[in-house]
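>>> Let's see this in three dimensions:
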Amino acid sequence: MFKFSFVLLSLIAATASGAPLEKRIAQTISASTAKWEQACLAAGGGQQCNPQSVASFTTLLAAAGPCDQQDQADKMIDLAKTLQNNGQVIALTQIFAQQPRNTPTSLSVPYCQKAPRNAELDGLFQCQFAGANPKVFVGGVAVGGQGTIPFGHNAPLSPPGSCPANPNGPVPDGQQLVDITQNPGTGSQTGPNMTTPTPAPSPPAPSPPSPSPSPSSNTDSSSGDFHLQNGKDAQKLNAEFATLTANSPCTDGENACVGSSFAQCVGGKFVTTPCAGGLMCAALPLVNKPGTSITCTTQADANARIAATDIGRGWPRDG
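Below you'll find the predicted structure:
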């Protein structure tokens, strides 16, 4: 009884004194690039869209570095430029670059401290979730310290937690910025709290990849070999994923599927994120080059893609 009373009184005291109660603020990260991926496919991006989508939404996890989200947004812009500078793909990239990141301890997430490669991203930075402490950033850094002021600004944000696409304040916990606004807020970014940084020169946009032959094509035996091997590798990964749980040992940064959720290893333990829209996580064979991707899809789509590599069937558990 004494122990319970002591804990209860301590909790009340902490609340009364204003001490924050730490909580994990997360989101369905795959939803952050779902609309971008659809726009990319509609613009003709083909097999380039999904791997880029997955690589980008994983940067919203707590383990990502402060500039990883911006770096991936640069790659999304690079791809958009190969798609005749598709305006929708670019606008959705600009919104993604401002999506709040997960915070494991309800602290604000540090801002990237370098200019993006592409001018389309100049002046953009992520919003914070509303439940994040606006005065303290991850690592216990108080406002005014390293990483607490967006690149190019010379004073803390007002209001705290805002971003150009959502200038009135932070984003409600767990929500996607792309569901709140379609305006990336890319007007003039100079003002009383900003300087105008000199952006890094943009590299030339990569040339579109040459079309890959169909997996069933016999015109290039080496091409057929890697398609078949990709199918085998995806099948093997899915079999391995079927044995994993949230408590399975893992290596930091490792991506996998745990149950039907996308998972990334953080601190030696899988952090899972449910797939959006009733989809499930699976390993799929790449089409244009050797390798696999881990993404949210349907069981039928995964089976069809693996079977299309001439492996003859889908998942090992399908017999």
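>>> So which elements touch the top helix by length along the chain?
Looking across the chain with DSSP state H, the single longest helix is helix 221-241. Identification of packing neighbours for helix 221-241 by 3 or more CB pairs under 8 Å, 6 or more residues apart in numbering; DSSP states H and E yields strand 255-258, strand 280-285, strand 292-297, helix 299-306. C-betas here are computed from N, CA, C, even on glycine.
>>> would you turn the ones you listed into CSV with mean neighbour count and distance to residue 158?
Below are the helices and strands packed on helix 221-241 laid out as CSV (neighbours: other CB atoms under 10 Å; distance: least, CB to CB, whole Å):
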stretch, mean neighbour count, distance to residue 158
strand 255-258, 21, 37
strand 280-285, 24, 40
strand 292-297, 23, 37
helix 299-306, 18, 46
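>>> Which among those is found nearest to residue 152?
strand 255-258 (32.0 Å; CB to CB).
>>> pLDDT averaged over the helix or strand just after that closest one, what's the number?
Where DSSP states H and E defines the elements, the next helix or strand beyond strand 255-258 is strand 261-266. For strand 261-266, mean pLDDT is 82.
>>> picking up where we left off before, buried ones in the longest helix of the chain, by neighbour count?
For helix 221-241, the buried set under the neighbour-count rule, 16 or more other CB atoms under 10 Å, comprises 223-224, 226-231, 233-235, 237-238, 241.
>>> And for stretch 92-103?
92, 93, 94, 95, 96, 97, 98, 99, 100, 101, 102, 103.
>>> for stretch 246-264, same thing?
250, 255, 256, 257, 258, 261, 262, 263, 264.
>>> which residues sit against it?
29-30, 54, 58, 61, 63, 238, 240-241, 244-245, 265-275, 280-283, 294-296 (CB atoms under 8 Å, 6 or more residues apart in numbering).
>>> hmm, try it at 6 Å
The contact list for stretch 246-264, computed with CB atoms under 6 Å, 6 or more residues apart in numbering, reads 58, 61, 241, 244, 265, 270-274, 280-281, 294.
>>> And stretch 298-312, by the same measure?
Identification of contacts with stretch 298-312 by CB under 6 Å, 6+ apart yields 215, 227, 228, 230, 231, 234, 235, 282, 284, 285, 314.
>>> out of these, which one sits closest to residue 88?
residue 284 (24.5 Å).
>>> contacting residues for the closest one?
234, 293, 305.
>>> And the pLDDT for residue 55?
93.
>>> Distance from the chain centre to stretch 254-273, please.
Centroid displacement of stretch 254-273 relative to its chain, using CA atoms, centre = their mean, to the nearest Å, is 13 Å.
>>> And it, end to end?
The straight-line separation of the ends of stretch 254-273 (CA to CA, to the nearest Å) is 14 Å.
>>> Spell out which residues make up each domain of this structure.
Segmentation of the chain into domains, based on the TED database, reads 29-179, 226-309.
>>> which of the ones you listed is buried the deepest?
domain 29-179 (a mean of 20; mean count of other CB atoms under 10 Å).
>>> one step back: the longest helix of the chain - what's its average pLDDT?
79.
>>> Between helix 299-306 and it, find me the angle.
140 degrees (axes from the mean of the first three to the mean of the last three CA atoms, to 10 degrees).
>>> and of the buried residues of stretch 92-103, the nearest to residue 120?
So of those, ranked by how close each gets to residue 120 (CB to CB), first place is residue 94, at 6.4 Å.
>>> how about residue 48, what does it touch?
So residue 48 contacts residue 79 (CB under 6 Å, 6+ apart).
>>> Going by distance to residue 147, which of the contacts of stretch 246-264 wins?
Using CB to CB, the contacts of stretch 246-264 come closest to residue 147 at residue 61, 17.4 Å.
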